[in-house]
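Q: Generate coordinates for the sequence data below:
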Amino acid sequence: MACLHDHSCEDHDCSSDWSLYKHIDIPKVSALNEAVPGSVKSVFKAWEQRLSSLEGFLESNEGDPELIVFIPFTSDVKIKSISIVGGADGTSPIKMRAFINREGIDFSDAQSMQAVQEWDLAENLQGVLEYQTRYSRFQGVGNLTLHFPDNYGGDMSRIQYIGLKGEATQLKRDVVATIVYELMPNPSDHKTKSETGGGMSHVE
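A: Below is the predicted model:
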């Protein structure tokens, strides 16, 4: 399901409305079948830059419109909606499929696996459409994989912008790992009675 903005973005700061942009681990974002290696990183940007291609864009290899985009987050998130700005002349993706918390998905996996949700996409050249998620299914998302199986008839697929809205947890993933580590007892930090004059031996 897609929805239109119900306000003027000139009078409303869309970039700060539930945007997950700052919670995406951009250096670890990757794509399969991208024509230019690493170009997928350029499609994640602030809302107000969504129509700009100065930073680059994601294109599939010519003659093969299928794309997979892997998006890891710096903290677990809840995703409310997804926005996709595609290219002109039939290069916009026509369908999007989402998988959560599954790393290393390739095209064979994507075609055989059941997606968490699927959407039919419009040619959203102005970036005014948002696709709502089934919110209860998009909780505790550590990484998101988007599969774009086809486009509107172009020789390749082009994506200029991917925007995600939702909420992030307070703790980043590395902070959580540190807390868990600190909660585990370290034997060297705990003196036994034998070391302090008692009759018990050191605990290994």
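
Q: name the element the residue nearest the centre of the chain belongs to?
A: Central residue of the chain (C-alpha atoms, centre = their mean): residue 71, 3.3 Å from the mean position. Using DSSP states H and E, residue 71 falls within strand 67-86.

Q: Name every sheet partner of the next helix-or-strand element following that strand and say whether each one runs parallel or antiparallel.
A: Next along the chain after strand 67-86, taking DSSP H and E as the criterion, comes strand 95-100. Paired neighbours of strand 95-100 in the sheet (DSSP bridges): strand 117-120 (antiparallel), strand 141-148 (antiparallel).

Q: would you list every one of the strands in this structure?
A: 2-4, 30-32, 58-59, 67-86, 95-100, 117-120, 129-132, 141-148, 158-168 (DSSP state E).

Q: lowest-confidence stretch among these?
A: When the strands of the chain are compared by mean pLDDT, strand 2-4 comes last with a mean of 51.

Q: ok, now how distant is residue 149 from residue 101?
A: Distance, residue 149 to residue 101, using C-beta to C-beta, to the nearest Å: 21 Å. Where you see a C-beta, it was placed from the backbone N, CA and C, and this is true even at glycine.

Q: I figured residue 73 was touching residue 167, is that so?
A: No - under the criterion of C-beta atoms under 8 Å, residue 73 is not in contact with residue 167, lying 11.4 Å apart.

Q: Looking at those two, which has the bigger crowd around it?
A: Neighbour comparison, residue 73 and residue 167: the larger count goes to residue 73, with 22 against 13 (by other C-beta atoms under 10 Å).

Q: Quick one: residues contacting that one.
A: Residue 73 makes contacts with 20, 23, 24, 25, 141, 142, 143, 144, 168, 173, as judged by C-beta atoms under 8 Å, 6 or more residues apart in numbering.

Q: Same question for residue 71.
A: Taking C-beta under 8 Å, 6+ apart, one finds 24, 29, 44, 143, 144, 145, 146, 162, 164 in contact with residue 71.

Q: can you rerun that using 10 Å?
A: Contacts for residue 71 (C-beta atoms under 10 Å, 6 or more residues apart in numbering) come out as 20, 24-26, 28-31, 40, 44, 77, 79, 98, 141, 143-146, 162, 164.

Q: How about it: which residues does it bridge to?
A: The partner residues for residue 71, given DSSP bridges, come to residue 144.

Q: Would you mind measuring from it to residue 99?
A: According to C-beta to C-beta, residue 71 and residue 99 sit 11 Å apart.

Q: where does the closest residue to residue 158 other than its chain neighbours land on pLDDT?
A: Distances taken as C-beta to C-beta, 6 or more residues apart in numbering place residue 87 nearest to residue 158, at 2.9 Å, with adjacent residues excluded. Per-residue pLDDT puts residue 87 at 95.
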